[in-house]
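> Structure for this input, please:
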Amino acid sequence: MFNTFKLYPFVRPLLFSLDAETAHEMTLKSLQKAHHCKATRELLKGSHTLLPTTLMGMPLRNPIGLAAGLDKNGECIDALGQLGFGFIEVGTVTPRAQPGNPKPRMFRLPQAESLINRMGFNNHGLDTFLQNVQNSEWREKRGVLGLNIGKNADTPIENAASDYLIGLEGVYPFADYVTINISSPNTKNLRALQGEDELSDLLRQIADKRKELADRYGRRVPVVVKIAPDLEAEQIQAIAHILPRFEIDGVIATNTTLSRSAVQGLKHSEESGGLSGPPVHELSLKVIESLRKEMGQDFTIIGVGGINSGKQALEKINAGANAVQLYTGLIYQGPKLIADCIDSLRKCDVFMRK
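Okay, the predicted model is just below:
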């Protein structure tokens, strides 16, 4: 069948002729329209998507997930799920709607198959996000859904916890897991929350709120923290010791990088924002390896950053990740990347034993 997987190489030149953010929005709208139409829905369907595993006790069809950021408002959960992902993460959502940073704010670096973005948590706000999530059927069809929360740009950093608590309370009934995003470089001072004292204070409040919500809803929803690739070894060690103290269930390693060493001289390389794509891969691997060494074999690590081939997905798993997430690689490789990653992981001892 001539599906989206085969069609993407022909569509990509058109998308790349457009501004990166315009192409992004057009792609999401096209996926949504295709999903809503019975005649085209099958064109989205991925193949060879089964590689069963578990993540934080939840069964997955396969360990390939969609990273947060691609569908900030949770508008395309079902359409994206059709592509073959084992789990989907949407957001980052903030309590109140906000426009994000001024445009242009997303830039392609094709020679490095990378992106730089300074989006700034642009989203329609928690209420709209939750309505979109409730309208989706992904969870009803046994798909695992992660909901990613952050703080509003105009909330002072010393009051950041209040935004995260609002977000946690809002998404809790509708999430299979919740991600605390403290590592975007595009919200002023946000990464300061990765400091030892700041992180301990935030997670103490998150843990107390989660206990209250677990009692209210009769279910304990896993909470994970998404961290940056630019941390020093001592910072990674501190985070590794803090997370279990507050019964955090996992970590997503990593977000985008501020480093430009791998893209110097390329057009747009001097734009401010977070760099994603292959230059992040090695940085992410080092963080994953350090976390696994510090935290032992039982702690959940989701590897993300720079996966644009099945080989790189396998390297993330071999470094210590339990599952991986894709974003920028999808823009350059298209949805066939999902199947490529699954095919590579089939050869991994971790999954062959399951």
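
> Please enumerate the strands of the stretch 201-350 of the chain.
223-227, 250-253, 274-276, 300-304, 323-326 (DSSP state E, counting those that start in this stretch).

> Report all helices and strands that the shortest one contacts.
Contacts defined by 3 or more Cβ pairs under 8 Å, 6 or more residues apart in numbering; DSSP states H and E place strand 274-276 against strand 114-117. Using the backbone N, CA and C atoms, a C-beta is placed for each residue, glycine as well.

> Summarise which helices and strands the strand it packs on is packed against.
strand 106-109, strand 274-276, helix 328-333.

> Quick one: residues in contact with the shortest one.
Okay, so that is strand 274-276. 109, 114-118, 184-186, 255-260, 262-263, 305-306, 327-328 (Cβ atoms under 8 Å, 6 or more residues apart in numbering).

> State the mean pLDDT of that strand.
Here strand 274-276 scores 97 as its mean pLDDT.

> Repeat that for the first one.
In this model, strand 106-109 has a mean pLDDT of 97.

> likewise the last one?
For helix 328-333, the mean pLDDT works out to 96.

> follow-up on the earlier one: nearest to Lys316, of the strands of the stretch 201-350 of the chain?
The closest of the strands of the stretch 201-350 of the chain to Lys316 is strand 300-304. By Cβ to Cβ, the value is 3.5 Å.

> Which neighbours in the sheet does the closest one have, and how are they oriented?
Here strand 300-304 has these sheet partners by DSSP bridges: strand 250-253 (parallel), strand 323-326 (parallel).

> Show me the helices in this protein, by range?
Secondary structure of the chain (DSSP state H): helices at 4-16, 20-36, 38-41, 77-81, 126-135, 160-171, 196-217, 233-245, 279-295, 310-319, 328-333, 336-345, 349-352.

> So which of the ones you listed is nearest Lys141?
helix 77-81 (7.6 Å).

> ok, the closest residue to Lys141 other than its chain neighbours - how many residues close by?
Excluding its sequence neighbours, the residue lying closest to Lys141 (Cβ to Cβ, 6 or more residues apart in numbering) is Gly81, at 7.6 Å. Other residues within reach of Gly81, judged by other Cβ atoms under 10 Å, total 25.

> check contacts around Gly81.
Ile88, Trp138, Lys141, Gly143.

> now the helices of the chain in JSON lines, with distance to Pro102?
Output for the helices of the chain, formatted as JSON lines (distance: least, Cβ to Cβ, whole Å):
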{"stretch": "helix 4-16", "distance to Pro102": "23"}
{"stretch": "helix 20-36", "distance to Pro102": "12"}
{"stretch": "helix 38-41", "distance to Pro102": "35"}
{"stretch": "helix 77-81", "distance to Pro102": "28"}
{"stretch": "helix 126-135", "distance to Pro102": "22"}
{"stretch": "helix 160-171", "distance to Pro102": "22"}
{"stretch": "helix 196-217", "distance to Pro102": "28"}
{"stretch": "helix 233-245", "distance to Pro102": "31"}
{"stretch": "helix 279-295", "distance to Pro102": "24"}
{"stretch": "helix 310-319", "distance to Pro102": "33"}
{"stretch": "helix 328-333", "distance to Pro102": "22"}
{"stretch": "helix 336-345", "distance to Pro102": "31"}
{"stretch": "helix 349-352", "distance to Pro102": "44"}
